[in-house]
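Asks: Fold the following.
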Amino acid sequence: MLSDRERSQFALIEQGLLTGDPLFVARCRAIGRKVHRSVPAAARPARTMQAAGMIPTLLLGGGLVLLVLGGAAAAVPIVVAGILMAISALGLALTTSQQARPDTPGATG
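Replies: Just a heads-up that it's a prediction; the model follows:
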């Protein structure tokens with residue numbers, strides 16, 4: 001929740017955008033309308049890493065382990081590898097369809 005000071009600063013930023021870049025504001029509003037017209041959140045199934053399947057879950061776990069080990073050893077390449085591994089796991093989990101994951105509970109295949 002924003003404080004009164006943060007709300008006023010946010011309003012100033014919005015006003016600046018409205019006057020400074022009306023094309024950007026129009027595009028953002030169009031995207032917002034498309035998002036709100038899509039399927040309601042209550043009708044969408046919940047997306048979890050557990051429901052994503054074993055491979056993305058293991059990739060995410062391995063990426064997080066690399067992040068911790070690389071941070072402890074102050075080894076930048078290990079941290080970068082961990083970040084890339086975690087991002088690829090999340091991307092794989094988002095792009096893989098539920099039907100393509102027969103190892104998840106409740107999946108129909």
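
Asks: Break this structure down into its domains, please.
Replies: Per automatic domain parsing, the structural domains of the chain span 4-37, 49-95.

Asks: Next, format these as CSV and append mean neighbour count and mean pLDDT.
Replies: For every residue, glycine as well, the C-beta is placed using N, CA and C. Formatted as CSV, the domains of the chain follow (neighbours: other CB atoms under 10 Å; pLDDT from 0 to 100):
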stretch, mean neighbour count, mean pLDDT
domain 4-37, 10, 82
domain 49-95, 15, 80
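
Asks: Quick check, central residue of the chain?
Replies: The chain has Leu90 as the residue nearest its centroid, 7.9 Å off, counting by CA atoms, centre = their mean.

Asks: what sits against it?
Replies: By CB atoms under 8 Å, 6 or more residues apart in numbering, the contact set of Leu90 is 56, 60.

Asks: Quick check: it vs Leu64, distance?
Replies: As judged by CB to CB, to the nearest Å, Leu90 and Leu64 stand 11 Å apart.

Asks: I appreciate the help and will end here.
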